[in-house]
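1. How does the following fold in three dimensions:
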Amino acid sequence: MDGTRDVAVLVGSLRKESFTRKLAIAMQAIAPAPLVLEIVEIGDLPLYNPDLEASAPPPWLAFRDRVRRADAILFTTPEYNRSVPGSLKNAIDVGSRPVGKSVFEGKPGAVVSNSPGKLGGFGANHHLRQALVFLNVPTMQQPEAYIGGVAELFDADGKFATESTREFVEKFLGAFAAWVDETRRR
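-> Residues are numbered from 1 along each chain as shown. Presented below is the predicted three-dimensional model:
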């Protein structure tokens, strides 16, 4: 398969200077060809309410159209209360509805969780994976990405502060590129 792979990146934290956003931006900068990572904003999505489907809000329609065009999805999430933030869950609900018209169906995916603590968002990572099984998002199993100590990982320019972090993320993204191509060939 030739050409680039359009990867929609969903950032689970809405805070402008969030570690999760910094992680997504740093990943964009080092993504290997053919991956092209683009953050798809989720902060302006009205809460999912099936009553609104008859006249779906424009932000829902724009989000659905953008994700539908993507070749793959990269979920980046912090951990809130051992799960994913409500904003990310809402984006998943908006994209997976109406029933039978999920924009996530069959798209290869990967999860990167993070936290300032040592567990790296383990709970959020696995809660998200549970939802992705239901959504039929073939999710890369290895390497796993639980990024602990995230507050210390970036330099003043937002780049990875250590070579070991950069190498880990490069390995993860390389594996994801292979996963996207393998999944698309099925």
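2. now the strands for the protein?
-> 5-11, 35-39, 72-78, 109-114, 145-147 (DSSP state E).
3. Surely residue 31 touches residue 173?
-> Yes. Using CB atoms under 8 Å, residue 31 is in contact with residue 173, at 5.4 Å. From N, CA and C alone the C-beta is placed, and that goes for glycine too.
4. related to what we said a few turns ago, can you tell which of the strands of the chain is closest to residue 126?
-> Shortest distance between residue 126 and the strands of the chain, using CB to CB, is found for strand 109-114: 8.7 Å.
5. what's in contact with that closest one?
-> Contact with strand 109-114 is made by 19-20, 23, 27, 72-79, 120-122, 124-125, 128-129, 132, 137-140, 145-148, 150, 172, 176, 179, as judged by CB atoms under 8 Å, 6 or more residues apart in numbering.
6. Tell me the buried residues in it?
-> 109-114 (16 or more other CB atoms under 10 Å).
7. Check stretch 114-130 too.
-> 114-115, 120-125, 127-129.
8. re earlier: what's the closest of the buried residues of strand 109-114 to residue 155?
-> Distances from residue 155 to these, taken by CB to CB, are shortest for residue 114, at 16.6 Å.
9. Residue 62: neighbour count?
-> Counted with other CB atoms under 10 Å, residues neighbouring residue 62 total 14.
10. how far away is it from residue 40?
-> Per CB to CB, to the nearest Å, residue 62 is found 9 Å from residue 40.
11. Name the single longest helix found in this structure.
-> Using DSSP state H to define each element, the chain has its longest helix at helix 163-185.
12. Give me the average confidence score over that one.
-> Averaged across helix 163-185, the pLDDT comes to 95.
13. Use 6 as the first number for this chain going forward.
-> Fine by me, first position is 6 from now on; the one you just mentioned is helix 168-190.
14. and the end-to-end length of stretch 108-121?
-> 32 Å (CA to CA, to the nearest Å).
15. those helices in this protein, which residues are they?
-> 24-35, 63-74, 91-101, 127-139, 168-190.
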